[in-house]
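Enquirer: structure of the sequence below:
(chains A, B and C)
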Amino acid sequence: MITTSRKGRVVGAALVAAALVGGLVGCSSGTSTNDSGSGKAPSGTYKFWDPYPQYDASSAWAKLIKKCGTQAGVTVKRTGYDTSDLTNKALLAGQQGTSPDILLVDNPVVSTLASAGILTSTEENGLKTGKIAKNILGAGIVDGKTYGVPIGANTLALYYNPKILKAAGVDASSITDWNSLTAALKKVKAAGKKGITFAGINTEEGSFQFLPWFWGAGADLTKLDSSKADAALSLWADWIKKGYAPNSVIQDTQTTSWQEFQTGDFAFGENGTWQKAAAAKMGAKVMTIPAQNGGAAPVPTGGEFFTIPVQKDTARYKASEKIVTCLTSTDNIVDTDNTLNYISATQAGQQAQLASDPSLKTWVDAVKVAKARTGDNLGTKYPVISQQLWGAVQKAESGAASPAAALKAAQSAVKTKLNK
Amino acid sequence: MKRRWWLTAVGIVLTAVMLFPIYWMINVSLTSASDMRKDPPNIIPINGTLHGYVQVLQHQLPFLGTSLLIGLGTVVVTLALAAPAAFSLAKLQPRGGKVLSFLLLIAQMIPAIIMAMGFYTIYVRLGLLDTVWGLIIADSTIAVPFGVLIFTAFMTGIPGELLQAARIDGASTWRTFRSVVLPVSRNSVVTVSLFAFLWAWSDFLFANTLDGGGKLKPITLGIYAYIGNNNQQWNAIMATAVVASVPAAILLILAQKYVAAGVTAGAVKD
Amino acid sequence: MMTTSSATRSARHHRAGAASTAPAPGMPARSPRAARRRAHLTAWAFIAPVVIYLVLFYAYPLYKNIDLSIRHYTVRSFIDGTAPYVGFQNFVSVMSSSTFWPSIINTTIFVFVSIAFQFAIGLALAVFFYKHFPLSGVLRALFLVPWLLPLLVSASTWSWMLNSDSGIVNSFLEAFGIGQINWLTSPSWSLTAVLIANIWIGIPFNLVIMYSGLQGISADVHEAAAIDGANGWQRFWRVTFPLLRPVTAITLLLGFVYTLKVFDIIWIMTRGGPADSSTTLAIWAYQLGFGSLLPDFSSAAAVGNLLILIAVIFGLMYARMQRRLDLS
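Expert: Numbering: from 1, shown residues only, chains lettered A, B, ... in the order given. Model (predicted):
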């Protein structure tokens, strides 16, 4: 009896282990599978991933997706993820063959995902891009093929607090270039208020916020160590040194920078389209970011792209394309862009937005001259450059290195990495 | 007697200093958006807002339930795996026991992100992505090696007489384990359970990587509802944290009486 | 650990090799070899689940990570799995990067300073709370509350508190006449800032373990020392602390292993900046893999493996020391 029970124990333990593993498979909550539609009409559940976790199932956005899904004859399962996680999730899913059917990602990521081979081009998925503004579509074009369509665009401008400017004796319309802006900051500081806040953190947000100044000096992303780039970085570094910009910009995200502006102590805050409602509430106005020697500085496009990842069953692209087209149809897209506080990417959409809210003119004009970060055929070179750029910006901001030295180190790092 | 109250006073001051960041968290959770970056900051939330809490109570409560489920599940799995293994290592001298102990130590050295990426691949094949069970197993990997360590150290100290007595009475090894060893190890069981529960409760990395975005989310992911792509609502985030801390804090205060790992050999309390 | 109080029982011990099942009286005796084999099988049956668990959930991710580090993965080859084998090239390029030495130095400082303070403060608090004054139980439980918070929240709270302009810590310092310290934005202070936050988070763990270690020391020992005329301080250093050596050893080792892996706190507070001043190996690995728009998984895996290697070396040193202690 002892022998049997002992052997039984051994077997029993092994069974428990096996059951543990096996039972787990059975307990799966049955995530949606990609049905291979043998019939012509698409059916089943389609996965939709977007970077808007702030919108839950009861939001207008979620309801719109549901509606478009029904129109295409399928059920859509939508999940919102944090935007910085979405790239990795997309890559992991792509590796395992569990990509979503529709993926909405931040525009500079599109070229990375496209060169990983997990996105379909418009040739494969049938999306139409004719009506979309070329400068906004640029981020989705890799090697001549288009891999996504924009949901809309947002960009940066300089919000300002008219009360503070008035009290300091600064005329907002006199700010046309860098010198006049710095002079204004000097006056504001003398009047006892704070000058300007922006996001100088060592992430993509930092690069995003630095680009208007970088491009405004005429610098080029392929040459980080040019004297023009030095001029731009020195502008920021000097502001911090002289106290026109607070030290906290070195770790500020766009949100925390905006929170500083919202305290009402700052004259200027560089921020994006999405804050226009909050700005209006606090009585702030907006102007275009000045270039070094006058005129509007080129600004980078923000905003996400609809992409259709590669699937084993290519018959699924039809329904995905229908859903994306439905979501980007003029009526739907204007509603969506107004909710997100983006500017529409098509002429018709922009007209409709202007018709209902003429104050959007500054933004529409800004978007018209905006540039894609991965444009100019930078593609997957951009992330490498951007990472070195934000590192150099932080070094100069914190005084760890002079702007020239930091940029030189950044450029040589870019060269090394791109040649690997 | 007076000296004792003096100690209490010192204790209160020390606790207050230690918990000051918690107070600050509560302060932020009640701060309105426009005061978030006020310089100097408000020590008490003047012009406070309950907006964050309103949102949390409206949306986050189901997630607390999921977190509780995952926490309890992790405790069960951890105990089920760690206690028998530790008993064997401590008392049954299996061949290769020392190697196993060392491997369990190495297992704790693998950074969590590497584990998470590996799990993703395994889970996709096993169909465990976005399941409560998947998270339970992932979270247990944080606790099991530690649990084996604590249990082994404790069970090594159980006098052999107890086990021999059971053996003489005809009990099998399993019976001995169940009826003699486990009851005696009550304190270390509570300790390991507490650690396992807390680690699972506050886990974010595994939940984030292995979550398919279904309705069942732990509270740590629920926080993400307030981290939009361009805007973050800090008062709601902190409010979520405060609300999430309450059940775990209650558990802590109830369990602290039993937490005595007896990590040194020879500490058999009963 | 094995009792040798009875001669008959010790004879059986010898045969079975451990406190494994021996035939109860009245049962037919088995041959010693069969009994030993059964004993080993039983012992292994108890361990089997954990072994399977280890292989499935630890060995596999580790294997994948090693694979990532010895091949050259681009985003494309990550997806289609066609990465070429490159031997140690990733390790070489990682070790010749300009971030390598700063991250090694930062990791060393971060780990050793963290453990020193966490342990010392945890031990001091454990001794303090062991005095069992009124409310000591409740206060001790409250000390564990920082542990409950998700690291996202703790780290964010500390970021908030250490903000250069709107942080409460600087307001407090300014009230005392000390100037503004740029905790998170100055290369000279960023490592200190994350150290403070990490020490704060690590105190509860050390407190719990050391407290239970103190409970394991019998009260008789303390009494005997007191009778011999030792005062409190002497009692602690000459009697209590040496008895705590095994607990101390395991606490320090676990502290080392866990602190080496610390990631969330530093990432959320400073992201390793500014200028790599708070970049540790764990942060660097994440930066390479997930910190930019274009993941470099091979380099990230190489740094990750270096981290594990360092931890393993220390683990081996601990095992060697343990063996020497056991033999002495």
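
Enquirer: what's the neighbour count on residue C:89?
Expert: Close neighbours of residue C:89, defined as other CB atoms under 10 Å in any protein chain shown, add up to 16. Where you see a C-beta, it was placed from the backbone N, CA and C, and this is true even at glycine.

Enquirer: correct me, but it touches residue C:72?
Expert: Yes: at 7.1 Å, residue C:89 and residue C:72 qualify as touching, with contact defined as CB atoms under 8 Å.

Enquirer: residue 62: which element?
Expert: Because you didn't say which chain, this covers chain A. helix A:60-71 (DSSP states H and E).

Enquirer: I was after chain B.
Expert: In this structure, residue B:62 sits in helix B:61-87 according to DSSP H and E.

Enquirer: what is that helix packed up against?
Expert: Packed against helix B:61-87 by the contact rule (3 or more CB pairs under 8 Å, 6 or more residues apart in numbering or on different chains; DSSP states H and E) you find helix B:132-156, helix B:186-202, helix B:219-222, helix B:234-255, helix C:32-54.

Enquirer: and it, what's buried?
Expert: With burial defined by 16 or more other CB atoms under 10 Å in any protein chain shown, the residues of helix B:61-87 counted as buried are B:63-64, B:66-71, B:73-75, B:77-87.

Enquirer: kindly report the same for stretch B:190-205.
Expert: Under 16+ other CB under 10 Å, the buried positions of stretch B:190-205 are B:190-205.

Enquirer: and that stretch, what's its mean pLDDT?
Expert: Stretch B:190-205 carries an average pLDDT of 86.

Enquirer: swap in stretch B:88-101?
Expert: Per-residue scores along stretch B:88-101 average to 85.

Enquirer: and chain A, is that stretch touching that?
Expert: No: taking CB under 8 Å from any CB of the partner chain as the criterion, stretch B:88-101 and chain A are apart, separated by no less than 10.4 Å.

Enquirer: hmm, who's touching that stretch?
Expert: B:85, B:148-149, B:151-152, B:154-156, B:158, B:160, B:163, B:173, B:181, C:17-20, C:39-40, C:42-44, C:46-47, C:50-51 (CB atoms under 8 Å, 6 or more residues apart in numbering or on different chains).

Enquirer: mind checking which of these are buried?
Expert: B:85, B:148-149, B:151-152, B:154-155, B:158, B:160, B:163, B:173, B:181, C:17-20, C:39-40, C:42-44, C:46-47, C:50.

Enquirer: what's the neighbour count on whatever residue of chain B ends up closest to chain C?
Expert: The minimum distance from chain B to chain C, using CB to the nearest CB, falls at residue B:118 (2.4 Å). Residue B:118: 21 surrounding residues under other CB under 10 Å.

Enquirer: can you give me the pLDDT of it?
Expert: For residue B:118, the predicted pLDDT is 86.

Enquirer: show me what counts as buried in stretch B:159-170.
Expert: B:160, B:162, B:163, B:164, B:166, B:167.

Enquirer: okay, and which of the residues you listed map to helices?
Expert: Among the buried residues of stretch B:159-170, the ones falling in helices (DSSP state H) are B:160, B:162, B:163, B:164, B:166, B:167.

Enquirer: which pair of those residues spans the longest distance?
Expert: Distance extremes for these: the farthest pair is B:160 and B:166 at 10.7 Å, using CB to CB.

Enquirer: I'd say residue A:237 and residue A:396 touch.
Expert: Yes: at 4.5 Å, residue A:237 counts as touching residue A:396 under the criterion of CB under 8 Å.

Enquirer: which stretch of helix or strand covers the residue of chain B closest to chain C?
Expert: Using DSSP H and E, residue B:118 sits in helix B:112-126.

Enquirer: touching chain A at all, that helix?
Expert: Yes: judged by CB under 8 Å from any CB, helix B:112-126 comes into contact with chain A through B:117, B:120, B:121, B:124, B:126.

Enquirer: output that helix as PDB, restricted to C-alpha atoms.
Expert: Provided in PDB are the C-alpha atoms of helix B:112-126 (Å, rounded to 0.1, in the frame of the first residue of the first chain):
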ATOM      1  CA  ALA B 112      11.100  42.000 -15.600                       C
ATOM      2  CA  ILE B 113      10.900  43.300 -19.100                       C
ATOM      3  CA  ILE B 114      12.800  40.300 -20.400                       C
ATOM      4  CA  MET B 115      10.300  38.000 -18.600                       C
ATOM      5  CA  ALA B 116       7.400  40.000 -20.000                       C
ATOM      6  CA  MET B 117       8.500  39.700 -23.600                       C
ATOM      7  CA  GLY B 118       9.100  36.000 -23.200                       C
ATOM      8  CA  PHE B 119       5.700  35.500 -21.600                       C
ATOM      9  CA  TYR B 120       4.100  37.300 -24.500                       C
ATOM     10  CA  THR B 121       5.400  34.600 -26.900                       C
ATOM     11  CA  ILE B 122       4.400  31.700 -24.600                       C
ATOM     12  CA  TYR B 123       1.000  33.200 -23.900                       C
ATOM     13  CA  VAL B 124       0.100  33.700 -27.500                       C
ATOM     14  CA  ARG B 125       0.800  30.000 -28.200                       C
ATOM     15  CA  LEU B 126      -1.100  28.900 -25.100                       C
END
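
Enquirer: show me what counts as buried in that helix.
Expert: B:112-120, B:122-124, B:126.

Enquirer: mind checking the pLDDT average for stretch A:211-218?
Expert: The pLDDT scores in stretch A:211-218 average 94.

Enquirer: ok, and what's touching that stretch?
Expert: A:156, A:178, A:221, A:228-229, A:231-233, A:235-236, A:270, A:289-292, A:297-300, A:371, A:373, A:389.

Enquirer: now, which of the residues you listed lie within strands?
Expert: Among those, the ones falling in strands (DSSP state E) are A:156, A:270.

Enquirer: and the angle for the helix or strand following the helix holding residue B:62 with helix B:112-126?
Expert: Sequence-wise, the next helix or strand downstream of helix B:61-87 (DSSP H and E) is helix B:97-107. Orientation check (axes from the mean of the first three to the mean of the last three CA atoms, to 10 degrees): helix B:97-107 against helix B:112-126 gives 100 degrees.

Enquirer: residue A:322: neighbour count?
Expert: Around residue A:322 there are 18 other residues, counting by other CB under 10 Å.

Enquirer: again with residue B:248
Expert: Applying other CB under 10 Å, we find 23 residues neighbouring residue B:248.

Enquirer: and the residue lying closest to it once chain neighbours are set aside, what is it in contact with?
Expert: Leaving out its chain neighbours, the residue that sits closest to residue B:248 by CB to CB, 6 or more residues apart in numbering or on different chains is residue C:148, at 4.1 Å. Contacts for residue C:148 (CB under 8 Å, 6+ apart) come out as B:198, B:201, B:202, B:244, B:245, B:248, B:249, B:252.

Enquirer: quick one, helices of the stretch 151-300 of chain A?
Expert: A:162-168, A:178-190, A:204-216, A:227-242, A:254-262, A:276-282 (DSSP state H, counting those that start in this stretch).

Enquirer: ok, the spatially most central residue of chain A - contacts?
Expert: Nearest to the mean C-alpha position of chain A, by CA atoms, centre = their mean, lies residue A:106 at 4.0 Å. Going by CB under 8 Å, 6+ apart, residue A:106 touches A:51, A:83, A:86, A:302, A:303, A:304, A:305, B:229.

Enquirer: got it, and residue A:368?
Expert: A:133, A:135.

Enquirer: and residue A:98, what pLDDT?
Expert: 89.

Enquirer: ok but residue A:104 is inside a strand, no?
Expert: Yes: counting by DSSP: H, G, I helix; E, B strand; the rest coil, residue A:104 is located in a strand.

Enquirer: list the contacts for the nearest residue to it once chain neighbours are set aside?
Expert: Spatial nearest neighbour of residue A:104, excluding adjacent residues (CB to CB, 6+ apart): residue A:50 at 4.0 Å. Shown in contact with residue A:50 (CB under 8 Å, 6+ apart): A:78, A:79, A:80, A:81, A:104, A:304.
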